[in-house]
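**Q** Any chance you can model this:
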Amino acid sequence: VEEIVTMTFASLFVHDFIGYVAENHTGKRNLILLSCYVNALSAAYGLCILAGWCPLFLCDQGFSVSPLRFLMYFFTTPAMILMVHLLSTNNNTQLALALLANSFMVLAGL
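**A** Alright, predicted model coming up:
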């Protein structure tokens with residue numbers, strides 16, 4: 001299953017990168033670049049898992065937890081929040097609160 005997910009993110013990265021190169025509008029290019037960033041990090045995480053470079057810890061509930069996944073969330077979820085901010089009419093205060101809430105959410109997941 002992890003192979004399929006990794007290939008999906010890698011394919012999305014290639015697709016978005018081609019769109020980034022072909023796009024002329026600066027605003028759209030910024031959104032596409034953020035999407036490239038998220039997909040590249042997600043694909044890299046999958047490759048690390050497949051290569052065995054990332055430790056996995058088994059929890060009491062029987063599922064595995066990866067510290068690298070939570071580190072990745074600190075970089076990818078703010079980018080997704082920024083994408084939503086760029087597409088909406090929210091002000092910078094709302095963006096800062098959303099990013100702060102995101103940080104607390106990721107920390108609570110640890």
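**Q** C-terminal to the least confident helix or strand in the chain by mean pLDDT, what's the next element?
**A** Ranking every helix and strand in the chain by mean pLDDT, DSSP states H and E puts strand 64-65 at the bottom, with a mean of 79. Under the assignment DSSP states H and E, the closest C-terminal helix or strand after strand 64-65 is helix 67-87.
**Q** which residues touch that next one?
**A** 27, 30-31, 34-35, 37-38, 41-42, 45, 48-49, 54-55, 57, 90, 94-95, 98-99, 102-103, 105-106, 109-110 (CB atoms under 8 Å, 6 or more residues apart in numbering). Every C-beta, even on glycine, is put in place using the N, C-alpha and C of the backbone.
**Q** buried subset of these?
**A** Among these, those scoring as buried are 31, 34-35, 37-38, 41-42, 45, 48-49, 54, 95, 98, 102, 106 (criterion: 16 or more other CB atoms under 10 Å).
**Q** Tell me which of these fall in helices.
**A** Using DSSP state H, the members of these that fall in helices are 31, 34-35, 37-38, 41-42, 45, 48-49, 95, 98, 102, 106.
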